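[1] Sequence and computational prediction follow.
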Amino acid sequence: MKKLAIGVDIGGINTAFGLVDENGDLYAESVISTKKYPHVDDYPTYIDDLCQAMRALADSLSFEYELTGIGIGAPNANYHKGTVEMPANLWKFREGEKNPDENRRIFALAEDVSRCFGGVETLVTNDANAATIGEMIYGNAKGMRDFVMITLGTGLGSGFVANGELIYGHDGFAGEFGHIVVERNGRECGCGRRGCLETYVSATGIKRTVFELMATMTAPSKLRDIAFNDFDASMISAAAEQGDPVALEAFRMTGELLGRALADVVTVTSPEAIFLFGGLSKAGKLIFEPTQWYMEENMLFVYKNKVKLLPSGIQGKNAAILGASALVWQQHTR
């Protein structure tokens, strides 16, 4: 009988899920709203509705199969405990909440979802770690025992694999590369600190860079006609492809900061390869070339020209579901 896993990706707007086999073939997928359940007291209803939608999808398959497990990628997920702990944009307190104790925002997600499916093994991790395991199981990191995954979306996520194992750390929250400080007293970050890498190297970060450059550069640019709230990173890529000097400088600066930071991280884990994944990585050579150059320029000599900088092999609209489902297959191949 065919074995399938359910992969679930919990985002701030929607929750996507699907049934995947160990080769990464997706048999069915669906989505429910996450933003419909914004508050702490909405969480139980969210779980009920998610489980109902997942069961309906599972029942829609026309063949018999064995459900091996459920893998979930979610913000602030703790792999060790199966919990989501105080997520920044999910299940917040209502305004005027009388007991805003943050410990109430630790959600036993793995246990709650597992219960819906008769106790089937359910694993959770953060979305960047899920993408990392997806790369290892389905993507370009197959066979690699030491690599780094960098996810370039709204923020910057990361996953570190050493000796074939994802590094979770003693508390389950290792690998927050986006929150290393690259500019002392630099840009404000949503984490509460200043100068974090993700405030410069992310879709949001490059947008902020463009607006700073437009204030300091006199070069003509089509980007000057776009209001900040109408702006997104794909517009910067399109402008750079047409030779826009502001857009090209924004990519150079972004690549410089990322490359320098990657050169430092190589000295800690000595990876075989570093993979770039997510929206900003789709800019191709615009981000890869400066990143590679500044990484090598700043690399300790014993590592020079040894570390490959590669695109993800699971880039695509189902990548988050595949990454989450890979948690299950990784568990079953140990």
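    Everything's here; your move.

[2] Strands along the stretch 201-334 of the chain, start to end?
    273-277, 308-311 (DSSP state E, counting those that start in this stretch).

[3] Need the winner for burial among those.
    Among the strands of the stretch 201-334 of the chain, the stretch with the highest mean neighbour count (mean count of other Cβ atoms under 10 Å) is strand 273-277, at a mean of 24. Using the backbone N, CA and C atoms, a C-beta is placed for each residue, glycine as well.

[4] what lines up beside that strand in the sheet?
    strand 147-152 (parallel), strand 308-311 (parallel) (DSSP bridges).

[5] Which among those is found nearest to Asn129?
    Of all the strands paired with strand 273-277, strand 147-152 sits nearest to Asn129, with 8.4 Å by Cβ to Cβ.

[6] Parallel or antiparallel, list what pairs with the helix or strand following the closest one.
    Sequence-wise, the next helix or strand downstream of strand 147-152 (DSSP states H and E) is strand 156-162. Strand 156-162 pairs in its sheet with strand 147-152 (antiparallel), strand 165-166 (antiparallel), by DSSP bridges.

[7] contact partners of the shortest one?
    Taking contacts as Cβ atoms under 8 Å, 6 or more residues apart in numbering, the residues outside strand 165-166 that touch it are Thr125, Asn129, Thr132, Ile133, Gly159, Phe160.

[8] hmm, back to that, could I get the strands paired with strand 273-277 in JSON lines, plus columns for distance to Glu183 and mean pLDDT?
    Shown next, in JSON lines, are the strands paired with strand 273-277 (distance: least, Cβ to Cβ, whole Å; pLDDT from 0 to 100):
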{"stretch": "strand 147-152", "distance to Glu183": "18", "mean pLDDT": "96"}
{"stretch": "strand 308-311", "distance to Glu183": "22", "mean pLDDT": "97"}
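
[9] so which of the ones you listed gets nearest Ile6?
    strand 147-152 (21.5 Å).

[10] so where's the stretch 151-300 of the chain shaky on pLDDT?
    Scanning the stretch 151-300 of the chain for pLDDT under 70 picks out no residues.

[11] related to what we said a few turns ago, out of the strands paired with strand 156-162, indicate the one that is most buried.
    strand 147-152 (a mean of 28).

[12] ok now do Gly279, which residues does it touch?
    Gly279 touches Leu152, Gly153, Ala203, Ala233, Ser234, counting by Cβ under 8 Å, 6+ apart.

[13] Throw the contacts of strand 165-166 into TSV and include neighbour count, thanks.
    Below are the contacts of strand 165-166 laid out as TSV (neighbours: other Cβ atoms under 10 Å):
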residue	neighbour count
Thr125	27
Asn129	30
Thr132	32
Ile133	29
Gly159	30
Phe160	23
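
[14] how about those, which pair is most distant?
    For the contacts of strand 165-166, and using Cβ to Cβ, no pair is farther apart than Thr125 and Phe160, which are 12.7 Å apart.

[15] still on that earlier bit, out of the strands paired with strand 273-277, which comes closest to His170?
    strand 147-152 (19.9 Å).
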